[in-house]
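>>> need a structure here:
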Amino acid sequence: MKLTFGIAAAIVVGLLAWLLWPGSGSPTVLTADTAQHSVQLSVDDPKQGANSIGLHITDHTGRPVTVDSVVVEPVMPQMGHALTPVTAGAEAPGSYRAPDTELPMPGQWEITVSLRAAGDTEQVVFPLLVK
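Residues are numbered from 1 along each chain as shown. Sure, this is the predicted structure:
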């Protein structure tokens, strides 16, 4: 009984240390495909508060694609949080940025990226762990 309690306590302490440990400083980079595009999302060390979300959009051959609009919508389904969508601004052909995207609490988020081009809308959803 004492051994089981000791192991459980060690696991809890280890999990808390992992959750509270400062970020690695390396960006989180995720990629997903739609029928017409490949979308790469990058966030430098996802954290609670304001985050700058970079997006790189290409066709399936890897060429940068310019679309009419890119909208980022953070959702935390476990807590029922759906935040105001953020329109990403163009930085270069195929490159967009949604600065100051608020993620108000740590945990698992879903970042929905909507692309609108030539009257069509495509969406991809990225899982993002925020510490």
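>>> so who does the residue nearest to residue 59 when sequence neighbours are not counted touch?
By the measure of C-beta to C-beta, 6 or more residues apart in numbering, the closest residue to residue 59 outside its immediate chain neighbours is residue 65, 5.3 Å from it. Just so you know, the C-beta spots here come from the backbone N, C-alpha and C atoms, and that holds for glycine as well. If you count contacts by C-beta atoms under 8 Å, 6 or more residues apart in numbering, residue 65 has them with 37, 57-59, 93-94, 117.
>>> redo that, cut-off 7 Å
37, 57-59, 94 (C-beta atoms under 7 Å, 6 or more residues apart in numbering).
>>> quick one: which of those residues sit in strands?
57-58 (DSSP state E).
>>> what distance separates the strand or helix carrying residue 43 from the centre of its chain?
Secondary structure from DSSP states H and E places residue 43 in strand 38-44. Chain-centre distance of strand 38-44: 7 Å, with C-alpha atoms, centre = their mean, to the nearest Å.
>>> what comes into contact with that strand?
Identification of contacts with strand 38-44 by C-beta under 7 Å, 6+ apart yields 27-32, 51-58, 60, 111, 113, 124, 126, 128.
>>> list only buried entries from those.
Members of those that pass the buried threshold by neighbour count (16 or more other C-beta atoms under 10 Å) are listed as 28, 51, 53-58, 111, 113, 124, 126, 128.
>>> from the residues you listed, pick the one nearest residue 79.
If you rank the buried ones among the contacts of strand 38-44 by distance to residue 79 using C-beta to C-beta, residue 128 comes first, at 14.1 Å.
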